[in-house]
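Participant: Everything below, folded, please.
(one chain, ligands or ions: 2)
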Amino acid sequence: MNLEKIQNNGLVLLGCGKMGSAMLAGWLEHGVALNAVYVLDPYPSDWLKNLAAKGLNLNTDLPQDPAVCIIAVKPQMMSEALPSLIPMVAGDCLFVSIAAGTSIATYGAVLGGDAKIIRAMPNTPAAIGMGMTALIGNALISAEDMELARDLLSAVGQTVVLEAEAQMDAVTAVSGSGPAYVFHMIETMARAGQEQGLPADLAMQLALATVDGAGALAAQSTETASQLRANVTSPGGTTAAALDVLMDEATGFPAIVSQAIAAASARSKELGKS
Ligand SMILES: NC(=O)C1=CN([C@@H]2O[C@H](COP(=O)(O)OP(=O)(O)OC[C@H]3O[C@@H](n4cnc5c(N)ncnc54)[C@H](O)[C@@H]3O)[C@@H](O)[C@H]2O)C=CC1
Ligand SMILES: O=C(O)[C@@H]1CCC=N1
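Facilitator: Numbers count the residues shown, from 1 in each chain. Ligands and ions are numbered 1, 2, ... in the order given. Reported below is the predicted structural model:
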């Protein structure tokens with residue numbers, strides 16, 4: 001990561017809850033100095049207070065012209081939280097928001113037409129450096145600005161630049177919210193294992209290790225997910241019996257996952273209007 005600009009001008013983090021903390025931990029691991037970080041959060045965690053005791057700037061005055069300001073508050077808090085950033089627009093600050101729904105135009109309306117704004121959508125595996133973040137910037141974003149934003153988000157996982165902001169609702173529905181679907185899959189597999197007579201802890205161990213191993217295999221293999229699925233499926237065997245249920249177009253995963261992702265995408269659009 002190119003730390004020089006951040007080191008010289010500072011990094012502001014507005015909101016440091018689950019996602020803010022995951023990103024901050026990644027930046028600190030990648031060499032961002034505590035005294036270059038300015039966090040604004042009315043309800044700081046003990047972890048954050050501990051960092052403040054070691055040099056991080058917590059709820060202090062902000063630098064005049066920080067290199068970057070990351071916006072990580074809930075969309076519902078945006079109108080209350082955003083005005084505190086207006087003084088920074090006069091400088092060369094790059095604004096990067098990770099809030100679901102909130103459009104670039106909404107930030108422009110509050111921060112003004114001169115603000116350099118990138119919308120990003122990370123996900124919680126960022127907490128272990130395995131996040132997935134999609135980014136899109138407004139017309140004022142230079143290649144250097146996008147590189148800085150990608151550098152910051154690369155500290156917690158993979159990044160991809162989108163072609164259009166309109167893609168952000170679907171991205172939010174697939175990868176932003178997606179970890180929750182997988183966690184629910186783990187919960188339901190473990191519960192079903194219990195229903196088949198396994199002790200709860202064994203059922204959970206099996207479900208967890210299976211999702212972990214299958215995810216890693218899918219990521220590392222040169223074979224497609226479809227082929228990997230076929231590799232598990234013996235004709236007339238146990239997997240085929242399960243897939244008859246799960247792959248049913250009307251009642252299985254195709255229908256239910258499609259409905260779930262459409263619902264998340266629609267909610268992302270709604271959040272953008274509120
Ligand atoms: N949790 C997730 O999986 C993901 C969340 N996001 C987005 O990240 C943002 C933050 O989400 P989480 O970290 O999950 O929420 P969170 O509730 O854990 O964190 C929000 C933080 O904002 C702070 N806050 C509240 N009012 C504030 C104000 N006026 N000024 C400064 N800070 C204020 C809260 O004290 C809290 O620490 C949301 O906009 C969400 O859409 C994006 C991708 C994934
Ligand atoms: O549920 C939400 O609205 C946020 C955005 C993506 C994940 N969590």
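
Participant: Check the burial of Glu80 by counting its neighbours.
Facilitator: When neighbours are defined as other Cβ atoms under 10 Å, Glu80 has 10 of them. C-beta coordinates here come from the backbone N, C-alpha and C atoms, glycine included.

Participant: ok so it is a helix residue?
Facilitator: Yes. Assessed by DSSP: H, G, I helix; E, B strand; the rest coil, Glu80 belongs to a helix.

Participant: Do you know the pLDDT at it?
Facilitator: Among the per-residue scores, Glu80 holds a pLDDT of 91.

Participant: Then Gly113?
Facilitator: 87.

Participant: if I pick it, what's in contact with it?
Facilitator: In this structure, Gly113 makes contact with no residue, judged by Cβ atoms under 8 Å, 6 or more residues apart in numbering.

Participant: Tell me how far it lies from Val89.
Facilitator: 9 Å (Cβ to Cβ, to the nearest Å).

Participant: The helix or strand hosting Thr133 pairs with which strands, parallel or anti?
Facilitator: Thr133 belongs to strand 131-137 when elements are defined using DSSP states H and E. Applying DSSP bridges to the sheet, strand 131-137 is found paired with strand 116-121 (antiparallel), strand 157-161 (parallel).

Participant: near ligand 1, anything from whichever helix or strand comes after that strand?
Facilitator: Scanning forward in sequence from strand 131-137, with DSSP H and E defining helices and strands, the next element found is helix 143-154. No. Using Cβ under 6 Å from any ligand atom as the criterion, no contacts between helix 143-154 and ligand 1 are found, and the smallest distance is 11.1 Å.

Participant: Contact residues of the protein facing ligand 2?
Facilitator: Ala100, Thr172, Gly176, Ser177.
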